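> Got a predicted model here, sequence first, then my questions.
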Amino acid sequence: MDSLLAWASVIGTGILELWAAIPLGLTLKLHPLLTGILSAAGSMLSAVIVIFFGTSIRNWLVRRTRNKSGGRTSRMTRIWDKYGIPGIGFLSPLITGAPLGAAIGISFGAEPRKLFVWMTIGIVFWSSVLTTAAALGLNAFLT
């Protein structure tokens, strides 16, 4: 039962923020591979909810991310202008988190399925990189 609670905690935290789920999983003494998978699954779940089901959530997140002049978030706008859907999908899990990145991508007019594919690629990549870095860093401190 304890491991089920640890799994649910990592997935739940991954829904909110990939950066927080990975250290939590390692702190709960989950295997790094399992930590990466669970945190990525939570992050993907939040992207699915926002992209395909969350019109009101998406609108709220977009309103929240507008800067004071009423324009779009400047860093994400530059990424969108330069790289389009692949850039937003790949970089937003790292920069803004999956739910906010999904909302921003949709608000920029990204096609939902393409955005989800690129967000999945970004989530898997960044969760792999961050989990590896955290696990190696933690092992360096323990040895």
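Received the coordinates, thanks.

> any chance you could map the helices in this structure?
Applying DSSP state H to the chain gives helices spanning 2-16, 18-27, 32-48, 55-65, 74-95, 98-107, 112-142.

> okay, those helices in CSV with mean neighbour count and mean pLDDT next?
No exception for glycine: its C-beta is placed from N, CA and C like everyone else's. Shown next, in CSV, are the helices of the chain (neighbours: other CB atoms under 10 Å; pLDDT from 0 to 100):
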stretch, mean neighbour count, mean pLDDT
helix 2-16, 17, 94
helix 18-27, 21, 92
helix 32-48, 23, 95
helix 55-65, 14, 66
helix 74-95, 18, 89
helix 98-107, 27, 88
helix 112-142, 17, 89
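
> Distance across stretch 6-26, terminal residue to terminal residue?
10 Å (CA to CA, to the nearest Å).

> which residues are contacting it?
Here stretch 6-26 makes contact (CB atoms under 8 Å, 6 or more residues apart in numbering) with 28-30, 32, 34-36, 38-43, 45-46, 93-94, 97-99, 123, 126-127, 130-131, 134-135, 138.

> And that stretch, how far out from the chain middle?
Distance of stretch 6-26 from the chain centroid (CA atoms, centre = their mean, to the nearest Å) equals 11 Å.

> With stretch 26-44 instead?
13 Å.

> repeat for stretch 33-49
On CA atoms, centre = their mean, the centre of stretch 33-49 falls 8 Å from that of its chain.

> ditto for stretch 81-100
9 Å.

> Next: stretch 2-20.
13 Å.

> go on, stretch 118-125?
Stretch 118-125 sits 8 Å away from the centroid of its parent chain (CA atoms, centre = their mean).
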